[in-house]
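1. pasting the structure only:
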Ligand SMILES: Cc1cc2nc3c(=O)[nH]c(=O)nc-3n(C[C@H](O)[C@H](O)[C@H](O)COP(=O)(O)O)c2cc1C
């Protein structure tokens, strides 16, 4: 599940999704919809068009998607060092799932993009750990668990630094996202095999 205006986070998300599929997972890519109205979006060059293009490709996330997934990878740009409102808005609608524990034990991860190296990508990635903890998810950092993490991203998750021209992610950034996608599948598979995904047990009751 990702939010992106100009495509960098989208590129990381689709790289992670493809790697997860290649690792055997069934994957849904979801994009929370804009909270800003059309007039506000029109003031930012390209936003309306980019949102329309992405929304034609990716459905908006639903509660059913969140409950269906065994692992959820959240991606966001850094906006003044915080996650995008669009993603937060979806998280803020998960009260019923929190109450029922229906995301407990699912594997969670996060990644981010920012314009500058110290523009908040790590802070934003870590900020997503908090809602995952409240939902009882098993938070999975990338650490340095693959060579790709020595070239890009951070121990907390994949990232891209896009500069003021919003450059697309580098191949190294995409490799880190691919590693993150694969790792989510591996660890979720291990938890399921061990019977350690409480929300699944509840489903079976
Ligand atoms: C409202 C707003 C605030 C932003 N704040 C920051 C910031 O604090 N630090 C930074 O490096 N980039 C900042 N950016 C740049 C975005 O992080 C960057 O455009 C985004 O990561 C690109 O991802 P996308 O192509 O997926 O939209 C900001 C952009 C917007 C629109």
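-> All right, it came through fine. All values derive from a computational prediction rather than experimental measurement.
2. From residue 101, how far off is the residue of the chain found nearest the ligand?
-> At 1.7 Å from the ligand, residue 119 is the closest residue in the chain, using C-beta to the nearest ligand atom. Bear in mind the C-beta positions are built from the backbone N, C-alpha and C, glycine included. From residue 119 over to residue 101 the distance is 35 Å, taken as C-beta to C-beta, to the nearest Å.
3. Neighbour count for those two, which is higher?
-> Higher neighbour count among residue 119 and residue 101: residue 119, with 21 against 13, using other C-beta atoms under 10 Å.
4. That one contacts residue 161, doesn't it?
-> Yes: using C-beta atoms under 8 Å, residue 119 is in contact with residue 161, at 7.4 Å.
5. isn't residue 129 right up against residue 110?
-> Yes: here residue 129 reaches residue 110: they are 6.8 Å apart, a contact under C-beta under 8 Å.
6. ok now do the residue nearest to the spatial centre of the chain, which residues does it touch?
-> Centroid-nearest residue in the chain: residue 74, 1.7 Å away (criterion: C-alpha atoms, centre = their mean). Residue 74 makes contact with 1-2, 87, 108-111, 128, 132, according to C-beta atoms under 8 Å, 6 or more residues apart in numbering.
7. Out of these, which sit inside helices?
-> The members of those that map onto helices under DSSP state H are 87, 128, 132.
8. Which strands or helices does the longest helix along the chain pack on?
-> Of all segments of type helix in the chain, defined using DSSP H, the longest is helix 171-193. With contacts taken as 3 or more C-beta pairs under 8 Å, 6 or more residues apart in numbering; DSSP states H and E, helix 171-193 sits against helix 8-22, strand 71-77, strand 107-114, strand 159-161.
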